[in-house]
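Trainee: Next input, structure requested:
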Amino acid sequence: MNTDFFTFLPGGLQSQVHGLLRLHPWFGDITIHKQQEAWLKDLVNEATRGLILREGESGVTLVVGVPYVRRDQSQSNAGAKPLTVLEITVVENEVTNQGPTGTHKPCAAVALKVYEALKGQIFNGLGLGFAINSGANPLMPMEDDDSGNKQWKVTLESLANIDFDPKVMMPTITVAGNEVTLACATPGAQIYYSTDGSFPCPAPDGTGTSYGAPFTPEASCKVLAVAVLEDMRPSDQAALLVPINPVSPTGDTDGNQVVDTDGNVVVNAG
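Mentor: Model (predicted):
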């Protein structure tokens, strides 16, 4: 099969999948990382060797890959839509995983649970499904890594650019003095935010805080926010760097800052 590959990151798909898996109670004792994290190899080794615990357990970890698009050039239909591909790697140290602090969840079983948790999910208009148009097995064992850890790969694919349910509007983040205010133009939407750089998913995972009123961070931070509403797709993630005692930029008499869709600060001139 002849294919073209090119990098594709549709609206933070990787971050949303990472957040969903961290929120899922079945994965509560499993560390979960993103492919492009700094020192990823060291983090994986530490998690599988019992040096990084989650809920007091270790031995197996997940790595959420960077989504990309694959176009099958062998198809006779020149108008065929590209496939969005997402790969999640499961890594297990059998000795640690079956030990006193292990999860006792085998690598293959974790891979199956990842597939079951994600198949049919909708993220930013992409329904992740079962190997559409490729015939590939979504669950595949891989060769052991350099440290002798067992590995399985979960591959999910979806036709890109499919229309699904409407999406919640991205929240706005404004700063006046040191006070941060969040808002969403979608009526009834609930906003969740974080100030430590983590994906702002709701409790019980603990990485997101439900927004109720303006707040003042204790120190300079990056505020991340998403908005959710039942029967609608979650919003794109908003982001804004909030400094301590921000100085009003020239031409902004109120000291307000607004974030655009790329997480850049836009100054209101009036």
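Trainee: C-alpha from now on. contacts and neighbour counts both.
Mentor: Fine.
Trainee: My read is that Pro200 contacts Lys222, right?
Mentor: No. Using C-alpha atoms under 8 Å, Pro200 is not in contact with Lys222, being 11.6 Å away.
Trainee: the more surrounded of these two?
Mentor: Pro200 (27 against 17; other C-alpha atoms under 10 Å).
Trainee: For the more buried one, which three-state class applies?
Mentor: Judged by DSSP: H, G, I helix; E, B strand; the rest coil, the three-state class of Pro200 is coil.
Trainee: Could you find the closest non-adjacent residue to it?
Mentor: Gly208 (3.9 Å; C-alpha to C-alpha, 6 or more residues apart in numbering).
Trainee: Just give me the neighbour total for that neighbour.
Mentor: By the criterion of other C-alpha under 10 Å, Gly208 has 23 neighbours.
Trainee: Might you report the residue contacts of it?
Mentor: Each residue near Gly208 by C-alpha atoms under 8 Å, 6 or more residues apart in numbering is listed here: Tyr192, Tyr193, Ser194, Ser198, Phe199, Pro200, Cys201, Pro202.
Trainee: Local confidence estimate at it?
Mentor: Gly208 carries a pLDDT score of 81 in this model.
Trainee: Please parse the protein into its domains.
Mentor: Using automatic domain parsing, the domain parsing of the chain gives 3-159, 172-261.
Trainee: wait, Val91 sits on Gln151?
Mentor: Yes. Shown here, Val91 and Gln151 form a contact pair, counting by C-alpha under 8 Å, at 4.6 Å.
Trainee: Helix, strand, or coil at Val17?
Mentor: Counting by three-state DSSP, the backbone at Val17 sits in helix.
Trainee: Quick check: it vs Val114, distance?
Mentor: 10 Å (C-alpha to C-alpha, to the nearest Å).
Trainee: Could you do Leu86 as well?
Mentor: As judged by C-alpha to C-alpha, Leu86 and Val114 stand 12 Å apart.
Trainee: again with Lys153
Mentor: Counting by C-alpha to C-alpha, the gap from Lys153 to Val114 is 10 Å.
Trainee: can you confirm Glu46 is in a helix?
Mentor: Yes. Under three-state DSSP, Glu46 sits within a helix.
Trainee: Leaving out the residues flanking it, which one is nearest to it?
Mentor: Nearest residue to Glu46 in three dimensions, chain neighbours excluded: Ile52, at 5.7 Å (C-alpha to C-alpha, 6+ apart).
Trainee: before we move on, what about Gly197?
Mentor: Residue nearest to Gly197 in three dimensions, not counting chain neighbours: Lys222, with 6.3 Å by C-alpha to C-alpha, 6+ apart.
Trainee: my read: the one you found touches Ser198, true?
Mentor: No. Lys222 is beyond contact range of Ser198, at 9.6 Å (criterion: C-alpha under 8 Å).
Trainee: would you turn the domains of the chain into JSON lines with distance to Pro166?
Mentor: Shown next, in JSON lines, are these (distance: least, C-alpha to C-alpha, whole Å):
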{"stretch": "domain 3-159", "distance to Pro166": "9"}
{"stretch": "domain 172-261", "distance to Pro166": "6"}
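Trainee: I'd like to know how far Pro171 sits from Leu224.
Mentor: Counting by C-alpha to C-alpha, the gap from Pro171 to Leu224 is 10 Å.
Trainee: So the two - more neighbours on which side?
Mentor: Set Pro171 next to Leu224 and count neighbours by other C-alpha under 10 Å: Pro171 wins out with 29 against 23.
Trainee: any idea of the mean pLDDT for the helix or strand harbouring Ile191?
Mentor: Under the criterion of DSSP states H and E, Ile191 resides in strand 190-194. What strand 190-194 shows for mean pLDDT is 92.
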